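Chemist: need a 3D model of the following:
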Amino acid sequence: MRSDAMKTGSTKIPHRSLFKALGLTDEEIRRPMIGVVCAKNDIIPGHSHLDKIAEAVQAGIRMAGGTPFVFPAIGVCDGIAMGHTGMRYSLISREHIADSVEIMAMAHPFDALVFIPNCDKIVPGMIMAALRLNIPSIFVSGGPMMPGRTMDGTKITLSNAFEVVGAVGKEGVTEEHLKDVEDNACPGCGSCAGMFTANSMNCMTEVIGLGLPGNGTIPAISAARIRLAKEAGMKIMEILEKNICPKDIVTEKSLCNALHADMALGCSTNTILHLPAIAHAAGIQVDFEEINRISKETPHLVKLSPAGVDCLVDLNDAGGISAVLKELAEYGLFDTNLITCTGKTVGENIANARVLNPNVIRSKETAYSPDGGLAILWGNIGPDGAVVKKGAVLPEMLVHEGPAKVYNSEEESIEAILSDKVVAGDVVVIRYEGPKGGPGMREMLAPTASLAGKGLDNSVALITDGRFSGASKGASIGHISPEAAAGGVIGLIQDGDIISIDIPNNKLELKVDDAELERRKADFKPVIKEVPEGYLRRYRDLVTSANTGAVFK
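Modeler: Model prediction:
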């Protein structure tokens, strides 16, 4: 066993003495030692209950003959970090999480690991760590939050709370309505109820094969989630015995599966940041051209909040991720022969799955669109690519041309939107918010939600070298690469320049001739923001472009 390095032989008398200081018996020390990485904390609603998940995992490990050891991982609540300097620390936490798990699992050579994440960057950070370590691993998340209900019974999620900010002061919007949304948008624990980044990544974990069936959709408050955690604890002992490791599961084929499911589900644009980073940790390269090819051949079968009204609980009740995968497999778009953390193939896992509500999980014939929910755009603004959640764009905004309103920060753009300086037809440009320029690549949920609240999401587009929350909707185009801070063309755009967006044809163009762009480039000096000493400055020095997954050099 890997743990023999810290417990077996006469030279390990002091080590065993320390284990006995924890109250462990000789029998517990002899058993396989399983690390349980738990991201429980008291400030993220999606993580506030993870201690209960960890207790269930430990019970499962003990039932199956192992000895569990819980250790922590940090986490950032993107919703709480949104709209202030805290959001600079969200994406950068992903690398820190991966590093800290690697440190713990190398300093204490566990035989296997169970990962308990739930929200945004915690999930990909843990997956990256699992791939680096490549010891038997399984993921069990905390599960999605239930949607809220306003006093009149309307289903709402966190995205509604952000959007209502843009409606403040509008005729007919009362203080009572604002308080109603504030009090009810997030009714309890779990990752926010729509197909935002946290739930997107938990679904991707299940799709790839690192999480048990149901991991992406079983609600946080359900007893089934506790049972799933116990099953994960038992299952880790089985895959330890079979020596099934993350790099056996995460392969080019399983990542291709993940991208097909990503497109069918209409997941967050952040998946196009995290899946390449996960691939990088596995020694695999994900190509943007390949992402678009997969998008073109994959029907958009599921449309959850913010693109639609359904939530993760509705997807769960409709048959869950397994039912979606079975649909894709029937169209020849999903490889069912790949091994998973169940010890079985994808095909074996989904054999009994079926669609229980065709209004939530559509067929190819009734799909929302014949192609996927995400798309990569190219053009002179983003020669290395840009990302849009096509499935959350209103039909009238799929093709748009308008004058640029340029802002060098998120704060500048929000002030302009809320003070009505942005009008119908405009293209809002937010730059110097990329991985280096931010630094930290903040999410632009507040600007997109403010546009929606102002009723401009059907007439105004937004482009940025930053990124978007999974709760964003509208013609919101992010991840523009190269970013402004790296000398990208987005840094050359001026107020009034005409920007052309053609999402069906994957085009994003600045309608300024090459000679003028060359003249601007000769005079261009990127804005370099002052940042404090510490992790933020180190991150800026090490991070690569968004089209690479914003991984470290």
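Chemist: who does residue 498 bridge with?
Modeler: Legend: beta-bridge partners of residue 498 under DSSP bridges are residue 403.
Chemist: thought it was touching residue 400?
Modeler: No: taking contacts as Cβ atoms under 8 Å, residue 498 lies outside contact range of residue 400: 10.9 Å. To be clear about C-beta, it is placed using only N, CA and C from the backbone, and glycine gets the same treatment.
Chemist: neighbour count winner among those two?
Modeler: A count of neighbours by other Cβ atoms under 10 Å puts residue 400 above the other of residue 498 and residue 400, at 19 against 13.
Chemist: what about the host helix or strand of that one, distance to the chain center?
Modeler: Assigned by DSSP states H and E, residue 400 belongs to strand 399-407. From the chain centre to the centre of strand 399-407 is a distance of 27 Å (Cα atoms, centre = their mean, to the nearest Å).
Chemist: go ahead and flag the most central residue of this structure.
Modeler: Nearest residue to the geometric centre of the chain (Cα atoms, centre = their mean): residue 197, 3.4 Å.
Chemist: which neighbouring elements make contact with the strand holding residue 400?
Modeler: Counting contacts by 3 or more Cβ pairs under 8 Å, 6 or more residues apart in numbering; DSSP states H and E, strand 399-407 packs against helix 410-418, strand 427-430, strand 498-502.
Chemist: now do 10 Å
Modeler: Contacts defined by 3 or more Cβ pairs under 10 Å, 6 or more residues apart in numbering; DSSP states H and E place strand 399-407 against helix 410-418, strand 427-430, strand 461-464, strand 498-502, strand 507-510.
Chemist: which elements pack onto the third one?
Modeler: Contacts defined by 3+ Cβ pairs under 10 Å, 6+ apart place strand 461-464 against strand 386-388, strand 399-407, helix 410-418, strand 427-430, helix 445-453, strand 476-478, strand 498-502, strand 507-510.
Chemist: now swap in the first one and tell me
Modeler: The helices and strands touching helix 410-418, judged by 3+ Cβ pairs under 10 Å, 6+ apart, are helix 158-167, strand 399-407, strand 427-430, helix 445-453, strand 461-464.
Chemist: partners of the last one in the sheet?
Modeler: Each strand pairing with strand 461-464, determined using DSSP bridges, is listed with its direction: strand 427-430 (parallel), strand 476-478 (parallel).
Chemist: next, format the ones you listed as a markdown table and append mean neighbour count and distance to residue 440.
Modeler: Shown next, in a markdown table, are those (neighbours: other Cβ atoms under 10 Å; distance: least, Cβ to Cβ, whole Å):
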| stretch | mean neighbour count | distance to residue 440 |
| --- | --- | --- |
| strand 427-430 | 26 | 14 |
| strand 476-478 | 28 | 14 |
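Chemist: to residue 88, which of those strands lies closest?
Modeler: strand 427-430 (14.3 Å; Cβ to Cβ).
Chemist: that closest one: how far from the chain's middle?
Modeler: The chain centre lies 23 Å from the centre of strand 427-430; the measure is Cα atoms, centre = their mean.
Chemist: also stretch 250-257?
Modeler: The chain centre lies 17 Å from the centre of stretch 250-257; the measure is Cα atoms, centre = their mean.
Chemist: any low-confidence regions in the stretch 1-150 of the chain?
Modeler: Within the stretch 1-150 of the chain, no stretch has pLDDT under 70.
Chemist: helices along that one, start to end?
Modeler: For the stretch 1-150 of the chain, the helices defined by DSSP state H, counting those that start in this stretch occupy 13-21, 26-30, 50-63, 78-81, 90-107, 122-133.
Chemist: and of the strands paired with strand 461-464, who's closest to residue 44?
Modeler: Using Cβ to Cβ as the measure, strand 476-478 is the one of the strands paired with strand 461-464 that comes nearest residue 44, at 23.2 Å.
Chemist: could you give me the average pLDDT of that closest one?
Modeler: For strand 476-478, the mean per-residue pLDDT is 97.
Chemist: quick one: that strand to chain centroid distance?
Modeler: Centre-to-centre, strand 476-478 and its host chain are 15 Å apart (Cα atoms, centre = their mean).
Chemist: same deal with stretch 386-405?
Modeler: Centroid separation between stretch 386-405 and its chain, computed with Cα atoms, centre = their mean, is 21 Å.
Chemist: with just CA atoms, put it into CSV.
Modeler: Presented in CSV, the C-alpha positions along stretch 386-405 are these (Å, rounded to 0.1, in the frame of the first residue of the first chain):
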residue,chain,number,x,y,z
ALA,A,386,-13.7,33.9,-27.5
VAL,A,387,-16.5,32.0,-25.8
VAL,A,388,-20.3,32.5,-25.7
LYS,A,389,-23.1,30.6,-24.0
LYS,A,390,-25.1,30.5,-27.3
GLY,A,391,-28.0,28.7,-25.6
ALA,A,392,-28.7,31.7,-23.3
VAL,A,393,-28.7,34.3,-26.1
LEU,A,394,-32.0,35.6,-27.3
PRO,A,395,-32.6,34.8,-31.0
GLU,A,396,-32.6,38.5,-32.0
MET,A,397,-29.1,38.9,-30.6
LEU,A,398,-27.4,36.0,-32.3
VAL,A,399,-26.4,38.4,-35.0
HIS,A,400,-25.7,42.0,-33.9
GLU,A,401,-23.7,45.0,-35.0
GLY,A,402,-23.3,48.2,-33.1
PRO,A,403,-21.0,50.9,-31.7
ALA,A,404,-18.6,50.1,-28.9
LYS,A,405,-18.9,51.6,-25.5
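Chemist: now that stretch: buried residues?
Modeler: Neighbour-count burial for stretch 386-405 flags 386-393, 397-398, 400, 402, 404-405 (criterion: 16 or more other Cβ atoms under 10 Å).
Chemist: coming back round to it: now, of the helices and strands packed on strand 399-407, which is deepest in the fold?
Modeler: Greatest average neighbour count among the helices and strands packed on strand 399-407 goes to strand 461-464 (a mean of 28), per mean count of other Cβ atoms under 10 Å.
Chemist: can you give me the strands in the protein?
Modeler: Applying DSSP state E to the chain gives strands spanning 33-38, 67-72, 112-116, 137-139, 148-149, 155-156, 375-377, 386-388, 399-407, 427-430, 461-464, 476-478, 498-502, 507-510.
Chemist: can you list the helices of the stretch 1-150 of the chain in JSON lines and add mean neighbour count?
Modeler: Putting those into JSON lines (neighbours: other Cβ atoms under 10 Å) gives the following:
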{"stretch": "helix 13-21", "mean neighbour count": "12"}
{"stretch": "helix 26-30", "mean neighbour count": "13"}
{"stretch": "helix 50-63", "mean neighbour count": "21"}
{"stretch": "helix 78-81", "mean neighbour count": "22"}
{"stretch": "helix 90-107", "mean neighbour count": "20"}
{"stretch": "helix 122-133", "mean neighbour count": "27"}
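Chemist: hang on, isn't residue 523 packed against residue 492?
Modeler: Yes: under the criterion of Cβ atoms under 10 Å, residue 523 makes contact with residue 492 at 9.4 Å.
Chemist: quick one, which of these two is more surrounded?
Modeler: Counted by other Cβ under 10 Å, residue 523 and residue 492 do not tie: residue 492 has more neighbours, with 23 against 7.
Chemist: now do the more buried one against residue 521, distance only.
Modeler: For residue 492, the distance to residue 521 equals 6 Å [Cβ to Cβ, to the nearest Å].
Chemist: what of residue 252?
Modeler: For residue 252, the distance to residue 521 - Cβ to Cβ - is 38 Å.
Chemist: for residue 93, same thing?
Modeler: 34 Å.
Chemist: picking that back up, so which of the helices and strands packed on helix 410-418 comes closest to residue 344?
Modeler: For these, proximity to residue 344 was assessed by Cβ to Cβ; helix 158-167 is nearest, at 35.5 Å.
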